[in-house]
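J.: Compute the structure for the input listed below.
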Amino acid sequence: MRSATIVLALLAGLLFGAAPARAAAISEVTGFGSNPGALKMYRYQPDGLAAGRPVVVAMHGCTQDARGYGTATGWTRLADRWGFTVVLPEQQTTNNYNRCFNWFQAQDTTRGQGEAASIAQMVARAQADGAGTAYASGLSGGGAMTSVMLATYPELFAGGGIVAGLPYGCATTVVDAFSCMNPGKNLTPAQWAAKVPARSGPWPTVAVFHGTADYTVNAVNKQEIVDQWTALHGIAATPTSTDTVAGYPHAVYASGGRAVVETYTITGMGHGQPVDPATGCGTATAYVLDVKLCAAYRLGLSWGLGS
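T.: Numbering: from 1, shown residues only. This next block holds a predicted model:
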């Protein structure tokens, strides 16, 4: 047992490095714009971070908050190791009692309006303060809001990670949202693409993580997200290659030799974000699940954040 613990500690050191002597803190940022969606903005920026380093917008799920999500999912620790900023939007109970982002309301999912505009303003503030290329990810309602941001502000984001989320335009009412979550909606790729505001790319890359035992947001949504984004990228919704990562099925949908859509199917996982605490990536808690694969780490690798 002791030798196994030592091996895991060494592996964590190789992946994430030694802990910094002095770490930054997650802090609230005010004055980031008109904030029509009445959200709060939190930010984690490692001490001494050089200008031009990337920024990741990480959006919590229902009942969660910005600080807890940023820490438990491993994003803040990765920011220390690889050198990037994390922006953490936070929903307010005055907007949604369960602190879900309102991914199903037109006033919050339309470019220039509501919560979508507030999050875009957070990105603009981070970049005005020196951050570079932006990426977005989120869990559950935050995953659905990631779909919103990628679809309505595609020029802002180079890539996105949708964890246990939903495709853009799946619902326009609360009642409709529940049917999207479970059992889900089955549309063609062209129908899903048509729901995205009429504008050309370039489109961000998209990675999707979903558990096969997710009974909150049915796993069929993984394929619907794939259908939407492969159609937008102008490629077939058929993998160009498949393999396994940490023992889980992984599929790549490539265009011109470049992976533009990826999926990670987490066999047996319920509703939550995958983490791998044994390697120092994340901490298991409610809706953050230890499955020996860390979504934040896989996304960071695909986006080149460690470069």
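J.: Which parts of the protein are helices?
T.: Assigned helices in the chain, in chain order: 2-16, 66-72, 75-82, 106-109, 114-128, 141-152, 174-181, 189-194, 220-233, 295-303 (criterion: DSSP state H).
J.: what's the closest of the ones you listed to V208?
T.: Of all these, the one in closest proximity to V208, counting by C-beta to C-beta, is helix 220-233 (5.1 Å). Quick note: C-beta positions are derived from backbone N, CA and C, even for glycine.
J.: hang on, the earlier thing: need the winner for burial among the helices of the chain.
T.: Most buried of the helices of the chain, by mean neighbour count (mean count of other C-beta atoms under 10 Å): helix 141-152, with a mean of 29.
J.: how much space between H210 and G169?
T.: Remark: distance between H210 and G169 (C-beta to C-beta, to the nearest Å) = 18 Å.
J.: Then F178?
T.: According to C-beta to C-beta, F178 stands 16 Å off from G169.
J.: Am I right that M149 is in contact with G161?
T.: No: checked against C-beta atoms under 8 Å, the pair M149 and G161 is beyond contact range at 11.5 Å.
J.: Now for these two: what residues contact both?
T.: Among the neighbours of M149, those also in contact with G161 (C-beta atoms under 8 Å, 6 or more residues apart in numbering) are A136.
J.: need the helices of the chain in CSV with mean pLDDT and distance to G165, can you?
T.: Listed next are the helices of the chain as CSV, based on pLDDT from 0 to 100; distance: least, C-beta to C-beta, whole Å:
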stretch, mean pLDDT, distance to G165
helix 2-16, 39, 26
helix 66-72, 98, 14
helix 75-82, 98, 16
helix 106-109, 97, 13
helix 114-128, 98, 15
helix 141-152, 98, 2
helix 174-181, 95, 10
helix 189-194, 97, 14
helix 220-233, 98, 7
helix 295-303, 98, 11
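J.: and V288, which of the ones you listed is closest to it?
T.: For the helices of the chain, the distance to V288 is smallest for helix 66-72, at 4.5 Å, taking C-beta to C-beta.
J.: got the CA positions of that closest one in PDB?
T.: Output in PDB follows, covering the C-alpha atoms of helix 66-72 (Å, rounded to 0.1, in the frame of the first residue of the first chain):
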ATOM      1  CA  ALA A  66     -17.800  29.400  -8.700                       C
ATOM      2  CA  ARG A  67     -15.100  28.800  -6.100                       C
ATOM      3  CA  GLY A  68     -16.100  25.300  -5.300                       C
ATOM      4  CA  TYR A  69     -16.300  24.300  -9.000                       C
ATOM      5  CA  GLY A  70     -13.100  25.900 -10.000                       C
ATOM      6  CA  THR A  71     -11.200  24.100  -7.200                       C
ATOM      7  CA  ALA A  72     -12.900  20.700  -7.200                       C
END
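J.: what distance separates that helix from the middle of the whole chain?
T.: 13 Å (C-alpha atoms, centre = their mean, to the nearest Å).
J.: now do stretch 39-54
T.: 17 Å.
J.: Return the set of buried residues in it.
T.: 39-46, 49, 53-54 (16 or more other C-beta atoms under 10 Å).
J.: Repeat that for stretch 277-289.
T.: So for stretch 277-289, counting by 16+ other C-beta under 10 Å, buried means 277-282, 285, 287-289.
J.: Output those as CSV; include the columns pLDDT.
T.: Converted to CSV, the buried residues of stretch 277-289 look like this (pLDDT from 0 to 100):
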residue, pLDDT
P277, 98
A278, 97
T279, 96
G280, 96
C281, 97
G282, 98
T285, 98
Y287, 98
V288, 98
L289, 98
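J.: would JSON lines of those residues with distance to V217 be doable?
T.: JSON lines is the format used below for the buried residues of stretch 277-289 (distance: C-beta to C-beta, whole Å):
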{"residue": "P277", "distance to V217": "23"}
{"residue": "A278", "distance to V217": "26"}
{"residue": "T279", "distance to V217": "26"}
{"residue": "G280", "distance to V217": "28"}
{"residue": "C281", "distance to V217": "23"}
{"residue": "G282", "distance to V217": "20"}
{"residue": "T285", "distance to V217": "18"}
{"residue": "Y287", "distance to V217": "11"}
{"residue": "V288", "distance to V217": "15"}
{"residue": "L289", "distance to V217": "14"}
